[in-house]
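K.L.:
Predicted model and sequence below, questions to follow.
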Amino acid sequence: MKIRTIIMTTVCAALISSCNIDQKKEAELPSVDVDMDVSAEEGQLPTFDVDWADVNVGTTTKTVKVPKVVIVMEEEEIEVPYIDVDMPEDDNADYEKEERNILIEAEVTDNEHTLDIKEILASNNNLYVISELKSTNQTIGDKKMRVSDQLTLNARDLNVKHYIIGERPDRVFNTQHTYVKNMDELKSKIKGDYKVIYSK
């Protein structure tokens, strides 16, 4: 029995050592090339000075992730609105302003959509970011796509609530924000007085 085991081991070793394998091609992952051109004309953003707070609106250059399709995110430098907010009590307050991105996203199917931040309303320590989601005539077939808009806010910590005017796409991703049919329905959800500090 031992002799048979030794013979089998010797045969296997001889077969393995005599095998010659030549690699013909290098392994290569499939490449995906998604190219959607984004262009915009330079414009003039408004500057606001309201009773609620001292607000200045401009632009700043940021390197951000720009959604192309759901599986592809590319970094590009783009001009985004920049809102600087000085609350009336900020001069005597023991805190500093903090810069942060206000980002709104939606995941859509069937057709391409546009998503734009249209207004920001302010009331006490609350900011209401109002965006609009619109479908275009350009089909995307059976794919899904994320659309977004954003701006930079430089202010003390404020409560931010997002509302999107438009029909909510039937995707789980879109349950994180409140969708309304029109501006009248939206205004009924906002309690108390408010000021428009940004408008596009």
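P.N.:
Arrived safely, thanks for sending. On a predicted model such as this, the values are computed, not experimentally measured, just so you know.

K.L.:
longest strand in this structure, by residue count?
P.N.:
As assigned by DSSP state E, the longest strand anywhere in the chain is strand 126-155.

K.L.:
What residues of the very next helix or strand once past it count as buried?
P.N.:
Helices and strands here follow DSSP states H and E; after strand 126-155, the next one along the chain is strand 159-165. By neighbour count on 16 or more other Cβ atoms under 10 Å, the buried set for strand 159-165 is 162, 163, 164, 165. Yep, even glycine has a C-beta here, placed from its N, CA and C like the rest.

K.L.:
measure the last one to residue 190 for me?
P.N.:
Note on residue 165: its distance to residue 190, by Cβ to Cβ, to the nearest Å, is 13 Å.

K.L.:
what does the first one give?
P.N.:
In this structure, residue 162 and residue 190 are separated by 12 Å, where distance is defined by Cβ to Cβ.

K.L.:
I'd like the mean pLDDT over stretch 104-114, please.
P.N.:
Average pLDDT, stretch 104-114: 94.

K.L.:
Contacts for that stretch, please.
P.N.:
Applying Cβ atoms under 8 Å, 6 or more residues apart in numbering, the external contacts of stretch 104-114 come out as 67, 70, 115, 117, 129, 131-140, 142-150, 162, 164, 169-171, 173-174, 177.

K.L.:
Show me which of those residues are buried.
P.N.:
Buried among the contacts of stretch 104-114 (16+ other Cβ under 10 Å): 67, 115, 117, 129, 131-133, 145-150, 162, 164, 169, 174, 177.

K.L.:
List the contacts of stretch 159-179.
P.N.:
With Cβ under 8 Å, 6+ apart as the test, stretch 159-179 has contacts from 102, 104-109, 113, 115, 118, 125-134, 144, 146, 180-183, 186, 189.

K.L.:
Surely residue 194 touches residue 120?
P.N.:
No. In this structure residue 194 lies outside contact range of residue 120 using Cβ atoms under 8 Å: 9.8 Å.

K.L.:
Could you name every residue contacting both of these two?
P.N.:
Shared contacts of residue 194 and residue 120, defined by Cβ under 8 Å, 6+ apart, comprise residue 128.

K.L.:
Of those two, which one has the most company?
P.N.:
Neighbour count, other Cβ atoms under 10 Å: between residue 194 and residue 120, residue 120 has more, with 27 against 17.

K.L.:
show me where pLDDT drops low in this protein?
P.N.:
By pLDDT under 70, the low-scoring segments of the chain are 1-52, 66-73, 89-95.

K.L.:
so where do the helices sit in it?
P.N.:
For the chain, the helices defined by DSSP state H occupy 2-18, 183-189.

K.L.:
about what we covered before: among the contacts of stretch 159-179, name the buried ones.
P.N.:
Applying 16+ other Cβ under 10 Å to the contacts of stretch 159-179 flags 102, 104-108, 113, 115, 118, 127-133, 146, 180, 186 as buried.

K.L.:
Let me see the contact set for residue 153.
P.N.:
83, 85, 99, 100, 101, 102, 127.

K.L.:
For the residue lying closest to the second one once chain neighbours are set aside, list each beta-bridge partner.
P.N.:
The spatial neighbour of residue 85 that comes closest, neighbours along the chain excluded (Cβ to Cβ, 6 or more residues apart in numbering), is residue 155 at 3.7 Å. The bridge-partner assignment for residue 155, based on DSSP bridges, gives residue 98.
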